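Visitor: Whatever this is, show me its structure:
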Amino acid sequence: MFPESLEDYGIIRQNTSSSNLGRPSAVQRLAQPTQQLKSAIINLINYQEDADVTIRAIPELIKLLSDEDRIVVAKTLKLIDQLASKDASRMALTSSQALISSLINILLNSNDPDFHNTAAKILCNLSANNNKPALYAILKCGGIPALIKLLSSPIESVVFYAATTLHNLLMYEPASKAQVHHYNGTRKMVELLSQNNNQKFLAILLDSLHILAFNNSEVKLVIQTSGCPKELIRIMSSSNYQKLIWTCVRLMKVLSVCPENKRELVTEGGMQVLSTHLQDPNNDERIVYNCLLTLRNLSDCAIREDNLEGLIKKLIDILNNSGDINFTTCSAGILSNLTCNNDLNKMKFVEYNGIEIMLRTMLQAGNENKEDICEPAVCSLRHVTNRHPQAQVAQEAVRYYYGLPVIAPLLQSDQSRWPLLKATIGLIRNLALSDNNLAPLRELGIIPRLVQLLIKAINSHQQAQQQGIESAIIDDVPMEEIIEGTVGALHQLGRDPHNGIVIRELKCIPVLVQLLYMPWEGIQRVACGCLSELANDRINIDLIDNERITDRLTELLRSKDPAISTYAAAVLYRLSENKPGNDNFAMNNDPSLIYGGVEHHRMLGSNDQYVAYNTIDPYELEMQHPANFNGNSQLIDVPINSHQNQSPAQWFDTDL
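Guide: I've put the predicted structure just below:
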């Protein structure tokens with residue numbers, strides 16, 4: 001069977017003939033495979049023998065572990081440790097819950113550090129490689145309280161064995177998570193982060209905390225109160241070990257959906273340290289992607305943070321160069337939040353050619369990714385085209401880079417959801433602040449689309465009122481916000497006389513008059529503003545006068561909102577000018593003051609609204625929206641495309 005033995009006995013002789021030189025015989029060719037088979041058989045025999053011997057020895061080992069003689073116990077533990085280091089005997093040991101229970105009793109009842117070290121090592125070896133029987137036995141025999149106790153040991157190896165065993169339990173035994181947290185394991189692991197600089201050990205702790213915190217709000221709060229966010233920032237700032245950075249940023253990502261942890265991470269400099277790792281060329285793609293996810297979660301709380309110019313530039317570079325849809329979506333979302341109400345970030349976005357690149361990104365987004373990319377992209381453009389020193393440059397840049405034809409199709413109500421429609425309406429309002437954009441927007445058919453959306457929103461609002469619902473909310477967007485946004489955009493577009501004619505021909509004046517009776521001041525303000533702009537045309541003045549709104553405008557003169565009272569005064573002034581012999585109002589009001597006020601309030605109000613791209617989709621609002629509609633005029637009949645109800649777009653999973 002074993003050819004080398006035949007050679008030893010001279011049965012197989014070497015053939016030295018020239019014809020066979022270099023050509024091994026059949027027996028020679030079988031020599032190596034046969035030797036391997038021999039070794040496998042011997043190993044199998046030894047394996048089975050080891051397992052059988054171990055199984056027979058387990059009862060005696062359990063008895064010896066409870067011996068009163070310390071030396072006997074120590075030698076027994078050493079023997080079990082040797083058995084646990086071999087595959088066959090280790091599998092045999094895991095079959096005995098009684099043995100594992102004895103080891104755990106030693107951990108709980110003994111104060112001998114040597115016993116702790118050896119017993120913890122044995123449990124660590126038994127729990128390795130997803131050994132289900134051993135993990136189940138450790139859990140059922142009360143091993144978790146014993147292991148958490150060992151985390152306070154002064155011996156570093158004991159702490160390492162205990163932490164590794166707990167990590168194995170958390171990874172492969174789901175029921176262990178509740179016990180670890182119950183016995184204060186979460187807080188103890190956080191404490192260890194500041195007591196040890198071993199990077200591999202820290203990676204095990206952080207991964208354990210990640211497993212505990214995943215989808216568990218209570219654990220996240222304990223982690224926050226234990227000071228973990230500060231330690232995470234410290235570790236991220238000082239380490240270049242890839243596995244440690246990976247586990248650290250994963251934990252930060254999970255914590256970043258918790259409001260308390262989010263605020264603390266931002267306060268401790270989380271945005272800056274994540275930005276540094278995002279720009280580090282040595283980090284692999286999974287670290288970069290998780291940095292992006294975490295930054296997107298944190299960014300809605302970081303709109304007042306400084307020193308983010310490098311991050312903004314890097315995000316724009318990602319938009320420009322990355323073909324990964326996930327990278328692009330995250331980058332657009334972060335930029336949307338960082339450009340909200342932050343003048344410096346807005347100017348840097350414009351300076352780094354963000355407008356052209358963002359428009360190109362929108363063009364490249366396919367239909368399946370349109371909502372995920374275009375909504376944050378449009379929000380970013382809306383922010384940078386308003387309320388900062390370079391706003392006018394940004395408004396011109398959108399047109400210069402052929403952005404208007406890219407934006408106009410987004411107003412299709414049958415193709416875009418309401419969050420995207422709302423963002424697009426706000427962007428168009430800002431673009432209309434530039435006189436150079438007024439004619440191009442009209443030529444793209446923007447005004448009829450805005451009017452369609454306005455009528456659709458009013459109809460939805462009225463239907464909700466008839467059903468006793470306080471406010472019509474579709475896709476998490478109140479229709480009152482759509483009404484205010486569309487009328488605000490029409491107000492700015494109406495500054496152009498030709499646009500005013502289009503608005504008049506679409507029979508918008510009766511609708512604007514209806515809106516004056518809505519109780520929400522935001523809608524009253526934009527409706528008055530739009531009417532005041534249209535009142536610069538003689539035909540429009542007659543149409544407004546036919547609506548008999550003098551009494552309502554007189555009431556609005558006493559509004560606490562200075563913009564409403566100013567716009568109402570302007571409309572009344574124009575109406576009084578149009579009536580010969582009835583100029584009391586005109587004589588008692590200074591036109592320059594009225595129209596100065598109107599021009600001042602044309603720029604009133606911020607169009608910056610951040611979208612927190614994480615667990616929710618909130619908008620930065622200054623007030624709630626009352627939902628009673630008291631107008632009695634009949635709505636005009638404008639063709640409107642039906643909007644199919646769709647489930648809200650999932651920006652991303654909260655705990656990935």
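Visitor: hang on, isn't Ala472 packed against Gln466?
Guide: No: using CB atoms under 8 Å, Ala472 and Gln466 do not qualify as a contacting pair, with a distance of 10.4 Å. Every residue, glycine included, has its C-beta placed from N, CA and C.
Visitor: For the closest residue to Asn130 other than its chain neighbours, which residues are in contact?
Guide: Here the nearest residue to Asn130 in space, its sequence neighbours aside, is Tyr172; by CB to CB, 6 or more residues apart in numbering that works out to 4.9 Å. Neighbour list for Tyr172: Asn130, Lys132, Leu135 [criterion: CB atoms under 8 Å, 6 or more residues apart in numbering].
Visitor: Could you do Ile425 as well?
Guide: By CB under 8 Å, 6+ apart, the contact set of Ile425 is Leu411, Leu450, Leu453, Ile482, Gly485, Thr486, Ala489.
Visitor: And the contacts of Tyr172, which is closest to Met358?
Guide: Checking the contacts of Tyr172 against Met358 by CB to CB gives Asn130 as the nearest, at 46.3 Å.
Visitor: Assumed that closest one was part of a strand.
Guide: No: secondary structure of Asn130 (DSSP: H, G, I helix; E, B strand; the rest coil): coil, not part of a strand.
Visitor: I'd like to know how many residues surround it.
Guide: The local packing of Asn130 (other CB atoms under 10 Å) involves 11 other residues.
Visitor: Quickly note the distance from it to Met171.
Guide: The span separating Asn130 from Met171 equals 8 Å under the rule CB to CB, to the nearest Å.
Visitor: hey, where'd the strands end up in the chain?
Guide: Taking DSSP state E as the criterion, the chain carries its strands at 473-474, 477-478.
Visitor: ok, back up a step: need the contacts of Tyr172 in a markdown table with pLDDT, can you?
Guide: Below are the contacts of Tyr172 laid out as a markdown table (pLDDT from 0 to 100):
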| residue | pLDDT |
| --- | --- |
| Asn130 | 88 |
| Lys132 | 91 |
| Leu135 | 94 |
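Visitor: what's around His491, how many residues?
Guide: Other residues within reach of His491 by the criterion other CB under 10 Å amount to 25.
Visitor: Give me the nearest residue to it, chain neighbours excluded.
Guide: The shortest distance from His491 to any non-neighbouring residue, by CB to CB, 6+ apart, is to Cys530 (4.1 Å).
Visitor: what's the answer for Cys508, then?
Guide: Ranked by CB to CB, 6+ apart and with sequence neighbours excluded, the top spatial neighbour of Cys508 is Val451, at 6.0 Å.
Visitor: How confident was the prediction at the one you found?
Guide: On pLDDT, Val451 comes in at 96.
Visitor: thinking again about what came up before, looking only at neighbour counts, state which of Ala472 and Gln466 leads.
Guide: Using other CB under 10 Å, the more surrounded residue of Ala472 and Gln466 is Ala472, with 23 against 9.
Visitor: Which residue, other than its chain neighbours, is closest to that one?
Guide: Computed as CB to CB, 6+ apart, the closest residue to Ala472 that is not its neighbour in sequence is Ala464, at 3.7 Å.
Visitor: Glu480 is in contact with that neighbour, correct?
Guide: No: look at Ala464 against Glu480 with CB under 8 Å: they stay out of range, at 10.2 Å.
Visitor: Compare neighbour counts for the two and give me the winner.
Guide: Set Ala464 next to Glu480 and count neighbours by other CB under 10 Å: Glu480 wins out with 24 against 19.
Visitor: hang on, the earlier thing: report the separation between the residue nearest to His491 and Gln199.
Guide: As it turns out, when the distance is counted by CB to CB, Cys530 lies 63 Å from Gln199.
Visitor: Over to Ile144?
Guide: According to CB to CB, Ile144 and Gln199 sit 25 Å apart.
Visitor: and which of the contacts of Ile425 is nearest Ile100?
Guide: When the contacts of Ile425 are compared for distance to Ile100, the smallest value, 64.0 Å, is given by Ile482; criterion: CB to CB.
Visitor: List the contacts of the closest one.
Guide: Contacts of Ile482 (CB under 8 Å, 6+ apart): Trp418, Leu421, Lys422, Ile425, Leu453, Leu454, Lys456, Ala457.
Visitor: With neighbour numbers in mind, choose between Ile144 and Gln199.
Guide: Relative neighbour count places Ile144 above the other of Ile144 and Gln199, with 25 against 16, counting by other CB under 10 Å.
Visitor: which ones are touching that one?
Guide: Residues in contact with Ile144, defined by CB under 8 Å, 6+ apart, are Ile138, Leu166, Leu169, Ser176, Gln179, Val180, Tyr183, Gly185.
Visitor: Throw those residues into JSON lines and include neighbour count, pLDDT and distance to Asp300, thanks.
Guide: Conversion of these to JSON lines gives the following (neighbours: other CB atoms under 10 Å; pLDDT from 0 to 100; distance: CB to CB, whole Å):
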{"residue": "Ile138", "neighbour count": "29", "pLDDT": "95", "distance to Asp300": "42"}
{"residue": "Leu166", "neighbour count": "30", "pLDDT": "97", "distance to Asp300": "34"}
{"residue": "Leu169", "neighbour count": "27", "pLDDT": "96", "distance to Asp300": "36"}
{"residue": "Ser176", "neighbour count": "24", "pLDDT": "95", "distance to Asp300": "34"}
{"residue": "Gln179", "neighbour count": "19", "pLDDT": "95", "distance to Asp300": "35"}
{"residue": "Val180", "neighbour count": "23", "pLDDT": "96", "distance to Asp300": "32"}
{"residue": "Tyr183", "neighbour count": "15", "pLDDT": "95", "distance to Asp300": "35"}
{"residue": "Gly185", "neighbour count": "25", "pLDDT": "95", "distance to Asp300": "32"}
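Visitor: nearest to Ser226, of those?
Guide: Closest to Ser226 out of the contacts of Ile144 is Gly185 (11.5 Å), distances taken as CB to CB.
Visitor: Excluding covalently adjacent residues, which one is nearest to the closest one?
Guide: Nearest-residue entry for Gly185: Ile148, 4.6 Å, with adjacent residues in sequence omitted and distances by CB to CB, 6+ apart.
Visitor: Kindly report the same for Gly485.
Guide: Ile425 (4.1 Å).
Visitor: Kindly provide the distance from that neighbour to Ala391.
Guide: 18 Å.
Visitor: now swap in Glu521 and tell me
Guide: Following CB to CB, the distance that separates Glu521 from Ala391 is 25 Å.
Visitor: higher neighbour count, these two?
Guide: Shown here are Glu521 and Ala391; by other CB under 10 Å, Ala391 has more neighbours (22 against 17).
Visitor: can I assume Ala74 is in contact with His116?
Guide: No: contact status for Ala74 versus His116: not in contact, 11.7 Å apart, counting by CB under 8 Å.
Visitor: what about those two, which has more around it?
Guide: For the pair Ala74 and His116, the greater number of neighbours falls to His116 (22 against 14), based on other CB under 10 Å.
Visitor: I'd say the more buried one and Val158 touch.
Guide: Yes: the pair His116 / Val158 is scored as a contact, 5.1 Å apart, by CB under 8 Å.
Visitor: No further questions, thank you.
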